[in-house]
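>>> show me the folded form of this:
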Amino acid sequence: MRIPLLRNIIFIYCLSFLSLGVMGQTAIDTTLSADYLVKKILLGNGVLVGEVKYSGSPYGIAYYKHPNKALGIDSGIVLTSGHVQLIHGPNKSPRSGWASNAPGDKDLDGIARGRTYDASVLEFDFVTASENLSFRYVFASEEYQEYVGSKFNDVFAFFLDGPNADKINLARLPDNKTAITVNTVNNERNSKYHVDNTYYNTTDPFVWDVRNRKVVKNKHYMEEEEIPPHDTQFDGFTTVLEVHYKVIPNEVYHIKIAIADVADGILDSGAFLEGGSFHSFGEQIVRLDNH
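Purely as a prediction, here's the structure:
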């Protein structure tokens with residue numbers, strides 16, 4: 001059983017009173033509504049959105065901005081299975097997280113092949129002006145690298161419903177087959193889509209071996225501490241991935257964007273949706289009706 005660090009609990013308790021956090025160069029704004037985040041931040045050209053719904057912890061969604069593109073995206077929406085304030089870098093802990101006690105998501109259960117917890121779910125109806133739908137995102141997790149290949153297979157998905165889509169998961173690698181989870185995209189599998197940001201403990205002579213569930217000698221003990229290069233707490237993340245899907249212009253679609261912990265609710269994962277990237281394009285242009 002994995003035990004959350006007490007300092008993380010204290011840290012979150014303090015941050016729960018903040019609506020805007022700036023640590024280093026990362027800015028997080030939790031004051032904006034889900035409706036505003038979708039219609040004013042996420043949306044690009046050629047898309048009209050209806051009602052927006054969000055379910056999950058109030059700390060599981062926020063506006064994100066990093067001018068140096070620490071994760072390859074300068075601004076947009078962040079969804080997390082934990083607390084948005086814990087994404088701030090630099091990474092100085094191998095295990096950081098917060099359990100929101102939100103329920104899991106049955107659709108994500110099927111992809112991860114395990115029970116999910118702490119789901120954050122953003123969904124809305126939309127129509128497009130053109131036949132090509134596109135958007136960009138990054139998946140990140142604190143489960144990297146210790147829990148790769150384990151049951152703690154945190155998961156993220158875009159479920160699309162519409163005239164030519166029946167709850168299709170669009171969050172896949174360019175092969176259009178591989179769903180995005182900790183176990184499918186990491187330092188060992190599909191590694192060209194993975195960015196390592198691991199922090200190594202150099203101060204304790206003994207550490208907990210999560211694979212063999214026992215205390216072992218720390219091979220990094222007394223080495224010079226090296227702070228991971230990317231300005232986020234997450235131990236790893238994907239490269240910027242892009243969704244492309246053929247839609248029928250001016251027909252109503254529904255998208256469900258969801259992320260969750262798997263097997264427990266301790267260590268966090270996050271999804272970063274690039275601002276302005278949810279758009280349509282192509283030769284077929286129609287007038288968008290007010291649905």
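
>>> what's the burial count for residue 187?
If you count neighbours by other CB atoms under 10 Å, residue 187 ends up with 15. Glycine gets a C-beta too; all of them are placed from N, C-alpha and C.

>>> isn't it up against residue 194?
Yes - counting by CB atoms under 8 Å, residue 194 is a contact partner of residue 187 at 5.8 Å.

>>> quick one: low-confidence parts of the stretch 151-291 of the chain?
The model of the stretch 151-291 of the chain has pLDDT under 70 over residues 201-204, 206-213, 220-222, 289-291.

>>> where along the stretch 51-200 of the chain do the helices fall?
106-112 (DSSP state H, counting those that start in this stretch).

>>> all strands of it, in order?
Using DSSP state E, counting those that start in this stretch, the strands of the stretch 51-200 of the chain run over 61-65, 75-80, 116-128, 132-141, 155-162, 165-169, 194-196.

>>> on contacts alone, who are the packing partners of the fifth one?
If you count contacts as 3 or more CB pairs under 8 Å, 6 or more residues apart in numbering; DSSP states H and E, strand 155-162 packs onto helix 106-112, strand 165-169, strand 253-262, strand 269-274.

>>> related to what we said a few turns ago, identify whichever of the strands of the stretch 51-200 of the chain lies nearest to residue 104.
strand 116-128 (3.2 Å; CB to CB).

>>> relative to that closest one, what are the paired strands and their orientations?
strand 47-55 (antiparallel), strand 253-262 (antiparallel) (DSSP bridges).

>>> quick check: angle from the longest one to strand 75-80?
Taking axes from the mean of the first three to the mean of the last three CA atoms, to 10 degrees, one finds strand 253-262 and strand 75-80 inclined to each other by 50 degrees.

>>> circling back to that earlier point, return the most buried member of the strands paired with strand 116-128.
Counting by mean count of other CB atoms under 10 Å, strand 253-262 has the highest mean neighbour count of these, with a mean of 26.

>>> could you tell me the angle between it and strand 132-141?
10 degrees.

>>> before we move on, the earlier item: nearest to residue 87, out of the strands paired with strand 116-128?
Judging the strands paired with strand 116-128 by CB to CB, what sits closest to residue 87 is strand 253-262, at 12.5 Å.

>>> roughly how far is the closest one from the heart of the chain?
10 Å (CA atoms, centre = their mean, to the nearest Å).
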